[in-house]
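Q: return a 3D structure for these sequence lines:
(3 chains, ligands or ions: 2)
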Amino acid sequence: AGAGEGGIFRGVVIHVNGYTTPSHSELKDLMAEHGGSFENYFSSARVTHVICANLTDAKLKQHQKEKNPVPVVHPNWVVESIRAGRLLPFAKYVLDRIRKEPGQSVLPVAPRPAAGGGTPKKRSRAEGGDLLNNVDSFFKNSRLHFIGSWKAKIEDVMAAAASLDPPKPDPPGAAPRRVVHVDIDCFFASVAVRENPSLEGKPVAVCHSESTKGTAEISSCSYEARKFGVRAGMRISDARDLCPSLVQAPYYFEKYQEISVVLYRTLLRSSARVQPVSIDEAYLDITGLGDPREICEDIRARFLGETGCTVSCGCSHNMLLAKIATSRAKPNGVFAISSDESEAFMADLAVREIPGVGWKSSRRLEEMGVATCGDLWRLSSKTALQKSFGAKQGELIWDYSRGIDSREVKSETKRHSVGAEINWGIRFEHREDAVRTLGKLAEEVERRLRRAGIRGRCITLKLKLRKPNAPPPPKFLGHGWCDNLSRSVTLASAADDAGLIAREAVALLLRLDADPREIRGLGIQITKLDEGQPAAADASEGRARSGGQPGILDTFMKAGRRAEAAGPSSSGGGGRGESVRLSDIDVNEQKYILSMIQVRQREQSKRKHFFEGFVGRERGAARWRGDAEGDPGPREPPREPSPEPGSALAAALGQARFSHEVAAVLAGAEAKDVVEWVLRSVESDLESIWRLLRAVRSLRGGGPEATAMGAEGLEEIEGLISKSVENVYKGTLPRDVCRGVGVECDDSHDKV
DNA sequence: ATCCTCCCCTAC
DNA sequence: TAAGGTAGGGGAGGAT
Ligand SMILES: Nc1ccn([C@H]2C[C@H](O)[C@@H](COP(=O)(O)OP(=O)(O)OP(=O)(O)O)O2)c(=O)n1
Ligand SMILES: [Mg+2]
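A: Ligands and ions are numbered 1, 2, ... in the order given. The predicted structure follows:
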């Protein structure tokens, strides 16, 4: 099963020297199978890597004579790259004898971060692969990933700092509370200034690009820059229009981490009840622990002394007012709001300043003629607000505008989800590109679940899909104007295995029926988290991992076996320690599991290149990691599709994954053949029928003469589908059916 | 009523 | 070049 043009060794040309494992000819085959090529004779012009296990003295000497030497790499590089499903950096595999040679430093060049494998010579940047072919380097450089994942790590800091034996505030309930809010001033920017003292007093913005014309986003900026209107989230080019003297500064992620730890250790000296908000911000409950102003000044002095950065503090009797006080305190100050002052404070406050009222809500309030909290007070009733914002949100705005907030400062909060996503640099050509990226995201999710010692039962796929008429995004490699879609599966037992998660995510991707070329973002989220790890889940986990078992089937098998109350499992085997009962799985899950069985059946049946005749380009069978690996352990027996396809058309329609593929098939098909297929398949293969319906509708919308059968043919088919689906399933069409036709449009808040 | 899924909004 | 993530709150609307 070659990966064709998408092979991981695309652009790699090897020459094998001496005796190796795998052998000469095995390596040749492996390269052919994974998109690379092989030279029998060495040529420094063509060969990109010499593969060699043992370098003789003579060979070493010869190598040293080369002015522009080709890297000499151990065969494990090839083997392990294949196992990893991607081109690994070869630097670690450069032979030691070469590595140690002085003057050869050009050799094991560290791969450029954005370049997936570190191929030394002109990598063919050809069509096919995703532009962002290295998920790791994205995460390494993403500031939002950095601040987003920091909270999980803060938990460790908090736990460790418990040994400091911090003072405990009065127990909750005893009113009134004394709450402090702490926030580092222009955090990233002030670190930049600290690292580069010459920036002191200048307008500074932190972002990746130095280029004035760049589309890099500003992460943080100094207060000098803010005077010009520069803000976090702006593009550097726009910021420079506002402030020509703006100085760009880079990120210092390790420093942020160190400083954040200092912040939390400092805070925990003052109170045991610290609620982390973010990398640079937290609440403290200091009820009964002393004078708030003194505590704040103590924190500020200690922190400044240890880090050279300033924090500002707000004090009041609740979290809301403490936070609002901090915004008045900034930069480098303390501000307190007493109970009797609070009304006066809120009166003139813009609604946008209420935490929880963002861009969208403030716009809606503006339309209602509300600009300040005072305006909100004059609204006739809370009910009116709740009508337009919903019960909770309406009440929140109503209360917050009056300075009312009954939340308690909580030092421990339970996580409800773990996820990873990428919405930048995503440009796929083939479905396998998306599958590959999902695999990496699943690994990332697995790492985080394991680190936290948790598993989850619900797997959600998040997808950003380019809007039909979206203009090219202004941001370099940005997602632009998208529809956001998500689909989820709930398993019967909690999972943390990357392989399993990836499989489910891929199945969900297929369910969404997206054209891979339109995908602009992908994410995986795990919810319904379980702290405990039942033994049965462990057993199934082991099997799923080693045998590449599909998780959902695993679930189904367990449930099915229990339902039959029969003895040994019919297939797939190895199940002891049953813990899942059919009655534990709700009806929706059962229905979904059944429909997934169908999907999986088709996925596993051999998919030769049915579309080549219909679609103008090659389509390989879908494959993922498990397919390429060795095959220990039991495997689900391959299933043949139950109705034997009667014609190429039927086969193509039955095996198409996406409505655009179906559309391509329809273009050359005859109406009567399609009708016949619908009649035959409507009971057995609803999935394909839905897909057909979407394809028909999109073709009908796409103008006349799009198909050989013409408009009447399409109309006939659509009518037939509606009727027979209704007959067979006697109900309304599932909501899904409408989706491919026109994804619900929201006038996105995207920064166009 | 309550739950579930999918979606939007918000904050850093 | 550039790195538009992560998590929680909560609403709409359908199923139970
Ligand atoms: N859109 C944003 C917002 C914040 N951050 C990062 C950089 C900030 O330095 C840090 C903390 O966010 P704050 O909202 O606290 O902003 P600052 O600390 O920079 O400024 P302030 O003085 O207003 O707190 O998070 C970011 O990368 N992108
Ligand atoms: Mg800050």
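
Q: check contacts around residue A:308.
A: Counting by Cβ atoms under 8 Å, 6 or more residues apart in numbering, residue A:308 makes contact with residue A:194. No exception for glycine: its C-beta is placed from N, CA and C like everyone else's.

Q: and if you look at residue A:389?
A: A:361, A:364, A:397.

Q: mean confidence score for the strand or helix carrying residue A:699?
A: According to DSSP states H and E, residue A:699 maps onto helix A:686-701. Mean pLDDT, helix A:686-701: 68.

Q: then stretch A:429-447?
A: Averaged over stretch A:429-447, pLDDT sits at 97.

Q: can you get me a residue count around residue A:80?
A: 13 (other Cβ atoms under 10 Å).

Q: how about the one 4 residues further on?
A: For residue A:84, the neighbour count with other Cβ under 10 Å is 14.

Q: next one: residue A:333
A: Around residue A:333 there are 17 residues (other Cβ under 10 Å).

Q: do you know how far it is from residue A:227?
A: In this view, residue A:333 and residue A:227 are 17 Å apart by Cβ to Cβ, to the nearest Å.

Q: cool, residue A:30 as well?
A: Counting by Cβ to Cβ - residue A:30 and residue A:227 are separated by 61 Å.

Q: those two: who's more crowded?
A: residue A:30 (19 against 11).

Q: quick check: that one touching residue A:23?
A: No: counting by Cβ atoms under 8 Å, residue A:30 does not reach residue A:23; the two are 10.3 Å apart.

Q: now stretch A:150-161: mean pLDDT?
A: 84.

Q: same thing with stretch A:98-115?
A: 35.

Q: give the contact list for residue A:146.
A: Per Cβ under 8 Å, 6+ apart, neighbours of residue A:146: A:253, A:256, A:279.

Q: and it, what helix or strand is that in?
A: Applying DSSP H and E as the criterion places residue A:146 in helix A:143-161.

Q: buried residues, that helix. List them.
A: For helix A:143-161, burial by neighbour count (16 or more other Cβ atoms under 10 Å) applies to A:143, A:145-147, A:150, A:154, A:157-158, A:161.

Q: please parse chain A into its domains.
A: Following automatic domain parsing, one finds the domains of chain A at A:13-128, A:181-336, A:342-401, A:417-535+A:542-550, A:647-740.

Q: for chain A, which residues are neighbours of ligand 1?
A: A:143, A:147, A:183-189, A:219-220, A:232-233, A:280-281, A:330 (Cβ under 6 Å from any ligand atom).

Q: who are the packing partners of the helix or strand that the helix holding residue A:146 is followed by?
A: As assigned by DSSP H and E, the chain's next helix or strand after helix A:143-161 is strand A:179-184. Packing partners of strand A:179-184 (3 or more Cβ pairs under 8 Å, 6 or more residues apart in numbering; DSSP states H and E): helix A:253-270, strand A:281-285, helix A:292-307, strand A:311-316, helix A:319-329.

Q: list, one by one, the residues from chain A near ligand 2.
A: For chain A, the residues found near ligand 2 under the criterion Cβ under 5 Å from the ion are A:183-184, A:187, A:280.

Q: which parts of the longest helix anywhere in chain A are buried?
A: Longest among the helix segments of chain A by residue count, using DSSP state H, is helix A:431-452. Neighbour counts over helix A:431-452 (16+ other Cβ under 10 Å) mark A:431-446, A:448-449 as buried.

Q: closest point of the stretch 251-400 of chain A to ligand 2, which residue?
A: Of all residues in the stretch 251-400 of chain A, residue A:280 sits closest to ligand 2, at 4.4 Å by Cβ to the ion.

Q: now for that residue: which residues touch it?
A: Going by Cβ under 8 Å, 6+ apart, the list of residues near residue A:280 reads A:183-184, A:187, A:260, A:263.

Q: just residue A:228 next, same as before
A: By Cβ under 8 Å, 6+ apart, the neighbours of residue A:228 are A:203, A:239, A:242-243, A:246.

Q: between the residues of chain A next to ligand 2, which has the most around it?
A: Most surrounded of these: other Cβ under 10 Å gives residue A:184, at 26 neighbours.

Q: residue A:374: which element?
A: helix A:373-377.

Q: who's in contact with that helix?
A: Against helix A:373-377 from outside (Cβ under 8 Å, 6+ apart): A:346-351, A:354, A:365, A:369-370, A:385, A:397-398, A:400-402.

Q: buried set for the next helix or strand after that helix?
A: Remark: after helix A:373-377, the chain's next helix or strand is helix A:382-389, criterion DSSP H and E. Residues A:385-386, A:389 are the ones in helix A:382-389 that count as buried (16+ other Cβ under 10 Å).

Q: would the helix holding residue A:146 count as contacting DNA strand C?
A: Yes: applying Cβ under 7 Å from any atom of the strand, one finds helix A:143-161 in contact with DNA strand C at A:143-145, A:147-149, A:151-152.

Q: with only the CA atoms kept, save that helix in PDB.
A: C-alpha atoms of helix A:143-161 as PDB (Å, rounded to 0.1, in the frame of the first residue of the first chain):
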ATOM      1  CA  ARG A 143       1.900  31.800  21.700                       C
ATOM      2  CA  LEU A 144      -1.800  30.900  22.100                       C
ATOM      3  CA  HIS A 145      -0.900  27.300  22.500                       C
ATOM      4  CA  PHE A 146       1.600  28.300  25.100                       C
ATOM      5  CA  ILE A 147      -0.700  30.400  27.200                       C
ATOM      6  CA  GLY A 148      -3.600  27.900  26.600                       C
ATOM      7  CA  SER A 149      -1.800  24.900  27.800                       C
ATOM      8  CA  TRP A 150      -0.100  26.600  30.700                       C
ATOM      9  CA  LYS A 151      -3.100  26.300  33.000                       C
ATOM     10  CA  ALA A 152      -2.700  22.500  33.100                       C
ATOM     11  CA  LYS A 153       0.900  23.000  34.300                       C
ATOM     12  CA  ILE A 154       0.000  25.600  36.900                       C
ATOM     13  CA  GLU A 155      -1.900  22.800  38.700                       C
ATOM     14  CA  ASP A 156       1.500  21.200  39.400                       C
ATOM     15  CA  VAL A 157       2.900  24.400  40.600                       C
ATOM     16  CA  MET A 158       0.000  24.900  42.900                       C
ATOM     17  CA  ALA A 159       0.300  21.400  44.300                       C
ATOM     18  CA  ALA A 160       4.000  21.700  44.900                       C
ATOM     19  CA  ALA A 161       3.600  25.100  46.600                       C
END
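
Q: cheers, nothing more for now.
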